[in-house]
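**Student:** Model the structure of this input:
(one chain, ligands or ions: 1)
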Amino acid sequence: MVSAHFEMLRRSHDCDRCGTSIRPGDEYAAVDGITPAGDLRVLLCTDCAAALGRFLDGGDGGDRDDDGAA
Ligand SMILES: [Zn+2]
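**Tutor:** Residues are numbered from 1 along each chain as shown. Next up is the predicted model:
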């Protein structure tokens, strides 16, 4: 199971996928995943989050827990 949600970052951090620097105040996505080895959390820039979202959607919408509120 993987869930992604957008938060505000307090310290700068690099995107775990592409390495883009995410600055405090920038929108990013914290992606929480449960793996057999334990919990996993990665921070993604919005571009990677969008790409991951499309991948996770798999063309089967309706199971997203974000309501899209701005
Ligand atoms: Zn990225």
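**Student:** So which residues on the protein come close to the ion?
**Tutor:** Contact residues (C-beta under 5 Å from the ion) of the chain with the ion: C15, R17, C18, T20, C45, C48. (Glycine included, C-beta is placed from N, CA and C.)
**Student:** burial count for the last one?
**Tutor:** Right, the one you point to is C48. Neighbouring residues of C48 were enumerated by other C-beta atoms under 10 Å; the total is 20.
**Student:** okay, the residues of the chain next to the ion in CSV with secondary structure and distance to P36 next?
**Tutor:** Output for the residues of the chain next to the ion, formatted as CSV (DSSP: H, G, I helix; E, B strand; the rest coil; distance: C-beta to C-beta, whole Å):
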residue, secondary structure, distance to P36
C15, coil, 25
R17, coil, 21
C18, coil, 26
T20, coil, 29
C45, strand, 27
C48, helix, 24
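**Student:** Narrow those residues to just the buried residues.
**Tutor:** Using 16 or more other C-beta atoms under 10 Å as the burial test, those include C15, R17, C45, C48 as buried.
**Student:** ok, which pair from the residues you listed is furthest apart?
**Tutor:** Pairwise distances across those peak at 7.6 Å for R17 and C45 (criterion: C-beta to C-beta).
**Student:** L44 and D14 touch, don't they?
**Tutor:** No. Under the criterion of C-beta atoms under 8 Å, L44 is not in contact with D14, lying 10.2 Å apart.
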